[in-house]
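J.: Build the 3D model from these lines:
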Amino acid sequence: MARKYVLKNIDTAPRDAQSAIAYEEELNEAQCQAAMFLDGPLLVIAGAGTGKTRTLVYRVARLIERGIDPRSILLLTFTRRAAEEMLRRAGLLTDSRCERVAGGTFHSFGNMVLRQYGQLLGLAPGFTIMDRGDSEDVIQLLRAQMGLDKRDKRFPRKQTIGEIHSLARNTQVPLADLVQREYSHLADYLDELVTITERYQAYKRDKSLLDYDDLLTRLKELLDSHEDLRRRLSDRFRFIMVDEYQDTNRLQSDIIRRLAFTHDNVMAVGDDAQSIYSFRGANFRNIMDFPNQFPGATLIPLEENYRSTQPILRLTNEIITRAAERYEKTLFSRKSEGDVPLLVQAESEHTQSRFVCQRILELREEGVPLWDMAVLFRSSFHSFDLEIELARNDIPFVKRGGFQFMETAHIKDVLAHLRILSNPSDAVSWGRVLMLLEGVGPQMSRKLIDRILAMEDPGRGLLEVESRGRAAQGIKTLARVLGECAERTRPADMAQYLMQYYLPILKRKHADDYPKRLRDLEHFQSLTERYQSIERLLSDMALEPPSASVDETLPVDPDEGPLVLSTVHSAKGLEWHSVFIIWTLEGRFPSYYNTNSLEELEEERRLLYVAATRAKENLFFSYPARVYDRNLGMVFSRPSQFIDGIPEDLLEPMSLVHEDSWYSQL
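T.: Numbering: from 1, shown residues only. Next comes the predicted model:
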């Protein structure tokens, strides 16, 4: 057998003063300081638009240029694409050595380690990873085995069970505590939820299965239970970099602490002011407590913003300055000129929608393409009225985040009742309404519809239907409700009465998340206030429904692209020339439902900050002066507490007047 001679890799990296990269010319002072940092813990507080990705790229290049073995660098990001792009850019600055950097997501790293060392936990190297759908199918199987899939049980669906299970593991909170805190309406099912969770874990162990969350929980378990391996991995990955650190959960933070067991060389990059994903398990405390987890950490703020004008930054600085807890930083821009952001008060939601549409068309005429404008909102249903107005003005749009409002089951249920009132011969709507009744299945529904439509007056036909059993009372109640509604003339009055009837049905059909669906219905109720006839309401819902996809109306220039409508959560990391933030009023932004604690309120503040920092040149806040309240009817509103009282030189107030009003000529 021939002898082997090992050829060692030649280190061609320039060192120290021989740097081939002009860091001082390519980076600003703070970015350069972070990129040149070598040993010890480092926290980079990267304000919005301050070039955090560029800083990470140059840090990777600098380490390799200094002769650090690229295999000892671990770059953790939240998407595989982000890691690949950073390493590609670093490779352009240096050479192919960047290809040997360990870069990827937390989950991909967990998969790699568990494949190699999982036997220490009894895991076979060939374990199968289940996706979300697979996990839910297993939960459904266990749910059925426990007899919890019967219609009369009203037990949470597989999706909700999976969501609760995942959140508990990622936040490291006991399931019982999480249910009491976040899902109190499901507290009666706690024992069954705990049992399903235990059986789910056993099922995976027996069949050598891991779900997505196991890649992190089992990795932490491995690091905790085998100190020799923890030390070996820590010695191997001597330079750890984590992007978007404010979005890490407690589990991910614990993993980083263990991987840095022997050296503390962790560079965490993030922005405490942009921590907005607690509903996914992200923990604001991770970035705030980094100096405690890594004593002696160096803190470098990135404050020069390359996105927005100085007037926009003056406002966003003011918004976040009011936060209860934050790292000190003041964003600034070399783009000193620009318009002061506007706070627009509209008399109603519809007036707000008219303003947004008109201003978008004006900006378009001024040369701003639709794709470089965005309308942002706290919750998906806040754009419903605007979507109708955009369609009327032939403004194409794409919607990101949330759901298709008109396609949700609860909205369609209420609309079906209204359609019957408008057209008693609507067999499709009759079918949907009847199937909501307990004791009525598909076969009975078809028979009932045949009887109702065979009568001369279908509207009264329901009163003459003979039925027995559980269905009888439901049919009788439905007949009474439709009769009462028919006597009302205003769509808003009809909708309000129907909601009282539908609420028990909503709780029965959607026990998992009825509070969220109830908020949708309340918003739908407010929309009906603008209509005087049920026919016009139903026509708008049918002919110009809101959509979660590109509107079919094409722009004048086919290459222009559509306007962007987006929830703030879906807009993070993006930017536009002009940004409209709608519904910035108390009770909607912040939402009434997210002000139960200081932590929730502060996350709402950060959410508005993220929305405002998306704008490059123009920024508009708007809110309707009158809004609908389910208990009080139409009430006067006030601006969000996050912007109320801000000096007018930072946020200029604007009122809207109608063209034909006498004071519009003043």
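J.: How confident was the prediction at the nearest residue to residue 190 once chain neighbours are set aside?
T.: Nearest residue to residue 190 in three dimensions, chain neighbours excluded: residue 179, at 5.4 Å (C-beta to C-beta, 6 or more residues apart in numbering). Glycine gets a C-beta too; all of them are placed from N, C-alpha and C. We note a pLDDT of 91 for residue 179 in this prediction.
J.: quick one: secondary structure of residue 179?
T.: Here residue 179 takes the helix state, with states given by DSSP: H, G, I helix; E, B strand; the rest coil.
J.: Now for it: which residues touch it?
T.: With contact set as C-beta atoms under 8 Å, 6 or more residues apart in numbering, residue 179 has these partners: 164, 186-187, 190, 193.
J.: Any idea which residue is closest to the centre of the chain?
T.: residue 569 (3.9 Å; C-alpha atoms, centre = their mean).
J.: how near is it to residue 521?
T.: 22 Å (C-beta to C-beta, to the nearest Å).
J.: Low-confidence ranges, the chain, go.
T.: Within the chain, the stretches with pLDDT under 70 are 1-19, 151-153, 402-407, 458-461, 464-468, 539-540, 542-560, 628-635, 660-666.
J.: mind listing what the closest residue to residue 262 other than its chain neighbours touches?
T.: Leaving aside its sequence neighbours, residue 262 sits nearest to residue 234 (C-beta to C-beta, 6+ apart; 4.2 Å). For residue 234, the contact set (C-beta under 8 Å, 6+ apart) comprises 258-263.
J.: Which of those fall in helices?
T.: Assigned to helices by DSSP state H, the following of the contacts of residue 234 qualify: 258-259.
J.: Which of the contacts of residue 234 has the largest number of neighbours?
T.: Each of the contacts of residue 234 was scored by neighbour count (other C-beta atoms under 10 Å); the top score is that of residue 259, with 22 neighbours.
J.: thought that one was touching residue 240?
T.: Yes: with contacts counted by C-beta atoms under 8 Å, residue 259 reaches residue 240, the gap being 6.0 Å.
J.: Show me whatever sits in contact with both of these two.
T.: If you check residue 259 and residue 240 against C-beta under 8 Å, 6+ apart, the residues they both contact are residue 74.
J.: Who are the contact partners of the closest residue to residue 72 other than its chain neighbours?
T.: Take residue 72 and drop its neighbours on the chain: the residue closest to it by C-beta to C-beta, 6+ apart is residue 238, 4.6 Å away. Applying C-beta under 8 Å, 6+ apart, one finds that residue 238 lies in contact with 68, 72, 263, 265.
J.: next one: residue 159
T.: 136, 512.
J.: Got phi/psi on it?
T.: phi -60, psi -40 (degrees, to the nearest 10).
J.: Show me the longest helix that occurs in this protein.
T.: Across the chain, the helix with the greatest residue count (assigned by DSSP H) is helix 491-509.
J.: how distant is that helix from the center of its chain?
T.: For helix 491-509, the distance from its own C-alpha centre to the chain's C-alpha centre is 28 Å (C-alpha atoms, centre = their mean, to the nearest Å).
J.: do stretch 256-268 as well
T.: Relative to the chain's own centre, stretch 256-268 is displaced by 29 Å; criterion: C-alpha atoms, centre = their mean.
J.: Contacts made by that stretch with the rest, please.
T.: Judged by C-beta under 8 Å, 6+ apart, the contacts made with stretch 256-268 from elsewhere in the structure are 34, 37, 39-44, 56, 59, 74, 76, 220, 223-224, 230-231, 233-235, 237-242, 245, 248, 287, 290, 293-294, 296.
J.: Can you check the distance spanned by it, start to finish?
T.: With C-alpha to C-alpha, to the nearest Å as the measure, stretch 256-268 spans 10 Å from end to end.
J.: just checking, what packs against whichever strand or helix holds residue 133?
T.: Using DSSP states H and E, the element containing residue 133 is helix 132-145. The criterion is 3 or more C-beta pairs under 8 Å, 6 or more residues apart in numbering; DSSP states H and E, and the helices and strands that helix 132-145 contacts are helix 158-171, helix 190-206.
J.: Out of the contacts of residue 238, the closest to residue 321 would be?
T.: Taking C-beta to C-beta as the measure, residue 321 sits nearest to residue 265 out of the contacts of residue 238, at 32.8 Å.
J.: Distance of that closest one relative to residue 238?
T.: 6 Å.
J.: Can you tell me the number of residues neighbouring residue 650?
T.: 18.
J.: Return the residues in contact with the nearest residue to it once chain neighbours are set aside.
T.: Once its chain neighbours are removed from consideration, residue 650 has its nearest residue in residue 315; the separation is 4.9 Å (C-beta to C-beta, 6+ apart). Remark: with contacts taken as C-beta under 8 Å, 6+ apart, residue 315 is in contact with 340-341, 612, 619, 646, 650-651.
J.: Quick check: which element contains residue 315?
T.: Following DSSP H and E, one finds residue 315 within helix 310-321.
J.: quick one on the thing from earlier: could you identify which of the helices and strands packed on helix 132-145 is most buried?
T.: Mean neighbours per residue, mean count of other C-beta atoms under 10 Å, is largest over these for helix 158-171, with a mean of 20.
J.: circling back: next helix or strand past the helix holding residue 315?
T.: Next along the chain after helix 310-321, taking DSSP H and E as the criterion, comes strand 342-346.
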